[in-house]
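Asker: Structure for the following, please:
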Amino acid sequence: MSDIKIAFDRAYAAIAILFLMMAQGSLAEEDDSLYQTSTIGALMQGVYDGTMTFGELGERGDFGLGTVQALDGEMVAVDGQFYQVKSDGVAYSLSDSMITPFSVVTFFDAEETINLGGRYNLSELQGYLDNSLESDNLFYAIRIDGTFDYVKTRSVPAQEKPYPPLEEAIKGQEIFEFHDVEGTVVGFRCPDYVEGVNVPGYHLHFITLDRKAGGHLLDLEIEDASAKVDSISGFEMDLPENKQFYQADLSDSQEEELERIESNPRE
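Answerer: Got it, this is the predicted structure:
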């Protein structure tokens, strides 16, 4: 074998290895990102018509939350499976062809486990996590599996056109309570600077271990649990390509309204 051919083969191998490393790096960066369709501000304004299917969304992440076309219930994505918790409290498997007006997903890969080591309600849990997470300026995906002493969730029925704003729509919400239930908390903590785009702070959903019930998480009580956390440094968003989104007025701050929407109603 000539020296020229040996040199060529070595150069070719080096180039191939370089391209492989670049591809792996690109995939790693792609996995370490949060993907979102539409904005929370648009959803609050009643933009409930989506343009993305759950089949397409599943290519962007295997873990997350959102809602379904016409605000028909709460979406929970866990372990690559997408569920729709309707206003009857039942979790149904979502088909790839169904559409979402707002969803947030990532490929979940836990980087650390935070041992809670005590008894917490939802507000106390969030405070503990705040003190345990490294930065206020990153996105975090959070998963908690375990047996919960108490869980309170909600879901909203499908809306009819002309769609009402979200604060009006949730007046028809159904509340569900679970006791001594095994399940999974799925959600995110987002930085304050995403106001209008996503939910600043915590946005969490819940689904039972048998994947038959759940909803938007309003409160919980849990003891001696642990939270798996994936820090996320990338963010990508696609916007709906429809008239409803184009004409929505998204210029005003909706911080107080969002707090009321996210809060736990007291009976």
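Asker: From the chain's centroid, how far away is the helix or strand harbouring residue 128?
Answerer: Assigned by DSSP states H and E, residue 128 falls within helix 122-132. Helix 122-132 has its C-alpha centroid displaced from the chain centroid by 18 Å (C-alpha atoms, centre = their mean, to the nearest Å).
Asker: And the next helix or strand past it?
Answerer: Next element after helix 122-132 (DSSP H and E): strand 139-155.
Asker: How far does that next one sit from its chain's centre?
Answerer: Distance of strand 139-155 from its chain centroid, counting by C-alpha atoms, centre = their mean, is 12 Å.
Asker: What mean pLDDT does that strand get?
Answerer: For strand 139-155, mean pLDDT rounds to 97.
Asker: who does it pair up with?
Answerer: Here strand 139-155 has these sheet partners by DSSP bridges: strand 174-190 (antiparallel), strand 214-223 (antiparallel), strand 226-232 (antiparallel).
Asker: Run the angle between the second one and helix 122-132 for me.
Answerer: Read it as strand 214-223. Using axes from the mean of the first three to the mean of the last three C-alpha atoms, to 10 degrees, the direction of strand 214-223 lies 80 degrees away from that of helix 122-132.
Asker: and residue 60, which of the strands paired with strand 139-155 is closest to it?
Answerer: Closest to residue 60 of the strands paired with strand 139-155 is strand 226-232 (C-beta to C-beta; 12.7 Å). Using the backbone N, CA and C atoms, a C-beta is placed for each residue, glycine as well.
Asker: quick one: the very next helix or strand once past the closest one to strand 174-190, angle?
Answerer: Note on strand 226-232: by DSSP H and E, the next helix or strand toward the C-terminus is strand 234-238. On the basis of the same axes, to 10 degrees, strand 234-238 is oriented at 130 degrees to strand 174-190.
Asker: Okay, buried residues for strand 234-238 please.
Answerer: Neighbour-count burial for strand 234-238, with 16 or more other C-beta atoms under 10 Å as criterion, is recorded at residue 235.
Asker: could you say what helices and strands it packs with?
Answerer: Counting contacts by 3 or more C-beta pairs under 8 Å, 6 or more residues apart in numbering; DSSP states H and E, strand 234-238 packs against strand 33-37.
Asker: The helix or strand just after the strand it packs on packs against which elements?
Answerer: Per DSSP H and E, the first helix or strand lying C-terminal to strand 33-37 is helix 40-44. Contacts defined by 3+ C-beta pairs under 8 Å, 6+ apart place helix 40-44 against helix 166-169, helix 255-262.
Asker: how far off strand 214-223 does the last one point, in degrees?
Answerer: Our comparison of helix 255-262 with strand 214-223, counting by the same axes, to 10 degrees, yields an angle of 80 degrees.
Asker: Please name every helix or strand in contact with helix 255-262.
Answerer: Helix 255-262 sits against helix 40-44, helix 166-169, with contacts defined as 3+ C-beta pairs under 8 Å, 6+ apart.
Asker: Nearest to residue 235, out of these?
Answerer: Closest to residue 235 of the helices and strands packed on helix 255-262 is helix 40-44 (C-beta to C-beta; 13.6 Å).
Asker: which is the next helix or strand following the closest one?
Answerer: Following helix 40-44 in sequence order, the next helix or strand is strand 52-53 (DSSP H and E).
Asker: how about the CA coordinates for the very next helix or strand once past that next one, as PDB?
Answerer: Downstream of strand 52-53, the first helix or strand assigned by DSSP H and E is helix 54-58. Output of helix 54-58 as PDB, limited to C-alpha atoms (Å, rounded to 0.1, in the frame of the first residue of the first chain):
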ATOM      1  CA  PHE A  54     -49.300  15.300  18.600                       C
ATOM      2  CA  GLY A  55     -47.400  13.100  16.100                       C
ATOM      3  CA  GLU A  56     -45.300  16.100  15.200                       C
ATOM      4  CA  LEU A  57     -45.000  17.100  18.800                       C
ATOM      5  CA  GLY A  58     -43.700  13.700  19.800                       C
END
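Asker: hey, which of the strands paired with strand 139-155 is tucked in deepest?
Answerer: strand 214-223 (a mean of 22; mean count of other C-beta atoms under 10 Å).
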